[in-house]
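**Student:** Okay, here's the prediction I keep looking at, along with the sequence it came from:
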Amino acid sequence: MSLSPPRSDPIVASSAPASSAPPPASEERLLRIQEVAADVGLTARSIRYYEEIGLLKPAARSQGDYRLYDSDDIERLRFVKGLRDDAGFSLAEIGQLLEDESARVRIRARLQATRDVAERKQLLIDGIARVDRQVATLRRKVQRLETMIADAEARRAHLGEHLAETEEQASSMTRPGSPGDEA
């Protein structure tokens, strides 16, 4: 899973009223929260919460102040959901990963815009620090998963020992002349 969500910085919601006419073919249809929730597999409440904690901002607002989402918002929600559900990241970890990724994009743009050596050096140092933080977060996740795997393997080995003992007991009871054999 890439750490690059489709849109690094959420677009600030527009206050322009939405038109009731269908959008031109070149414009993307914006979806309301219930449509997005059904598409992504989240609840509208979760999406509103993600907005509240800064993980997402709707692309626009309708005339009636309904949240409207574009394809970038949907991909960002899928990305957040994947990190949360598939990779087990907390929302705080996801927020930090997204912020570092947004900063990386901003740093790249500033690097391309400046020739000042001191500024470029500082931007690169900041970029490296942010990537190092992402790597540390990912390594902590890997270590937690490795610990969980080791614990599960130990439980399996323990159960395997009990199974071997049980099979041994069962086989000794069915052998002729064994203590459990009655004549």
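**Tutor:** Yep, it's here.
**Student:** can you give me the strands for this protein?
**Tutor:** 31-32, 60-61, 67-69 (DSSP state E).
**Student:** Can you give me the neighbour number for Ala38?
**Tutor:** 12 (other CB atoms under 10 Å). Quick note: C-beta positions are derived from backbone N, CA and C, even for glycine.
**Student:** From Ile74, how far off is it?
**Tutor:** 11 Å (CB to CB, to the nearest Å).
**Student:** and what of Thr166?
**Tutor:** From Thr166 to Ile74 the distance is 52 Å (CB to CB).
**Student:** and these two? which has more neighbours close in?
**Tutor:** Using other CB under 10 Å, the more surrounded residue of Thr166 and Ile74 is Ile74, with 17 against 10.
**Student:** shaky segments in this protein?
**Tutor:** 1-26, 177-183 (pLDDT under 70).
**Student:** show me where it has helices.
**Tutor:** Ranges of helices within the chain are 33-40, 44-52, 71-81, 91-113, 117-174, based on DSSP state H.
**Student:** Highest mean neighbour count out of the ones you listed?
**Tutor:** The highest average neighbour count among these, using mean count of other CB atoms under 10 Å, belongs to helix 71-81 at a mean of 19.
**Student:** Could you list every helix and strand in contact with that one?
**Tutor:** Secondary-structure packing of helix 71-81 (3 or more CB pairs under 8 Å, 6 or more residues apart in numbering; DSSP states H and E): helix 33-40, helix 44-52.
**Student:** what angle separates that helix from helix 91-113?
**Tutor:** 130 degrees (axes from the mean of the first three to the mean of the last three CA atoms, to 10 degrees).
**Student:** Export only the CA atoms of helix 71-81, formatted as PDB.
**Tutor:** Below are the C-alpha coordinates for helix 71-81, written out as PDB (Å, rounded to 0.1, in the frame of the first residue of the first chain):
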ATOM      1  CA  SER A  71     -13.200  11.200  -6.800                       C
ATOM      2  CA  ASP A  72     -10.000  12.400  -4.900                       C
ATOM      3  CA  ASP A  73     -12.000  12.500  -1.700                       C
ATOM      4  CA  ILE A  74     -13.300   9.000  -2.300                       C
ATOM      5  CA  GLU A  75      -9.800   7.700  -3.000                       C
ATOM      6  CA  ARG A  76      -8.500   9.500   0.100                       C
ATOM      7  CA  LEU A  77     -11.300   7.800   2.200                       C
ATOM      8  CA  ARG A  78     -10.400   4.400   0.700                       C
ATOM      9  CA  PHE A  79      -6.700   5.100   1.600                       C
ATOM     10  CA  VAL A  80      -7.600   6.000   5.200                       C
ATOM     11  CA  LYS A  81     -10.000   3.000   5.500                       C
END
